[in-house]
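S.K.: My questions concern the predicted model and sequence given below.
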Amino acid sequence: MNQQYPSKEQFFERLGALTDAMIAAYGKDFAMGAMILAVRFVAEGKPLGDHFPGVIPEKVGA
């Protein structure tokens with residue numbers, strides 16, 4: 001385990017919460033499309049980074 005980063009389980013929990021939020025806001029098709037694009041960027045080696053910081057507000061106390 002890498003102590004510098006959250007556990008894999010924590011990443012999956014965060015991914016699940018983000019997915020739930022995307023589905024609630026825009027529907028299942030949007031959520032799936034966004035994830036497919038993210039997977040494609042990873043597979044192609046494109047940087048995901050913070051190109052649009054502040055677009056998604058973070059929960060207070062998260």
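M.R.: That came through, no problem. Here the structure is a predicted model, which is why all the values come from computation and not from measurement.
S.K.: Scan the protein for its longest helix.
M.R.: When the chain is parsed with DSSP state H, its longest helix is helix 8-26.
S.K.: Which neighbouring elements make contact with that helix?
M.R.: With contacts taken as 3 or more Cβ pairs under 8 Å, 6 or more residues apart in numbering; DSSP states H and E, helix 8-26 sits against helix 28-44. C-betas here are computed from N, CA, C, even on glycine.
S.K.: Relative to residue 31, how far out is the most centrally placed residue in the chain?
M.R.: Taking Cα atoms, centre = their mean, the centroid of the chain lies closest to residue 15, which sits 5.2 Å from it. Per Cβ to Cβ, to the nearest Å, residue 15 is found 11 Å from residue 31.
S.K.: follow-up on the earlier one: pLDDT of the longest helix of the chain, averaged?
M.R.: For helix 8-26, mean pLDDT is 96.
S.K.: Would you mark the buried spots in it?
M.R.: residue 22 (16 or more other Cβ atoms under 10 Å).
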